[in-house]
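Student: Structure here, sequence nowhere to be found:
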């Protein structure tokens, strides 16, 4: 636990001393935003609020904060890898255009992904989502061409097909506030 409660009115803890309390608050980033050197990346809670998830996400600006969101997204995806293959930042409560998908077992972050082209047959897929209960049908294309930035800010353009294309289309829908 972060705070220790004394067991009686006459007992004190070391956290009752102002200097120790301030040090603990700094260590655990209480009362102020963490700096980049202090920022602990971690698994985040999954957002289930339909009104929140239905809002389009803003463009990421490749700031330290957006990169921290990307890392938290990867950590959360990794923690759910047994039942999840992709996530969008709004699923962890951050409405910015950042997605992460598992490609060949490794999380890959895509910042400001933009669908350039679809091709191949359009098909109906059954998809689940960590933010929603149950399985739903969604229309997907077999092949997509995507433009995005990686975590180093490099512009990428890549073609995906099959299941990776389906995952990306699902996460792009999240970025647009579209729920399956």
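Tutor: All right, it came through fine. Keep in mind it's a predicted model, so treat the numbers as computed, not measured.

Student: for the protein, what's the longest strand?
Tutor: When the chain is scanned for its longest strand (criterion: DSSP state E), the result is strand 106-129.

Student: Tell me the helices and strands packed up against that strand.
Tutor: On a contact count with 3 or more C-beta pairs under 8 Å, 6 or more residues apart in numbering; DSSP states H and E, strand 106-129 meets helix 64-79, strand 98-103, strand 132-149, strand 155-161, helix 163-175. Bear in mind the C-beta positions are built from the backbone N, C-alpha and C, glycine included.

Student: List the buried residues of it.
Tutor: By 16 or more other C-beta atoms under 10 Å, the buried positions in strand 106-129 come out as 107-113, 115, 127, 129.

Student: right, so the helices and strands packed on strand 106-129: which one is the most enclosed?
Tutor: Highest mean neighbour count among the helices and strands packed on strand 106-129 (mean count of other C-beta atoms under 10 Å): strand 98-103, with a mean of 24.

Student: who does it touch, helix- and strand-wise?
Tutor: By 3+ C-beta pairs under 8 Å, 6+ apart, strand 98-103 packs against helix 64-79, strand 86-88, strand 106-129, helix 163-175.

Student: can you list those in CSV and add mean pLDDT?
Tutor: CSV is the format used below for the helices and strands packed on strand 98-103 (pLDDT from 0 to 100):
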stretch, mean pLDDT
helix 64-79, 94
strand 86-88, 96
strand 106-129, 96
helix 163-175, 97
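
Student: To residue 55, which of those lies closest?
Tutor: helix 163-175 (10.4 Å; C-beta to C-beta).

Student: Now do that closest one and strand 106-129, the angle between them.
Tutor: With axes from the mean of the first three to the mean of the last three C-alpha atoms, to 10 degrees applied, the angle from helix 163-175 to strand 106-129 works out at 70 degrees.

Student: hmm, who's touching helix 163-175?
Tutor: Residues from elsewhere that reach helix 163-175, judged by C-beta atoms under 8 Å, 6 or more residues apart in numbering: 53, 56-57, 85-88, 90-91, 97, 99, 101-103, 110, 113, 115, 125, 127, 129, 138, 140-144, 146, 160, 179-180.
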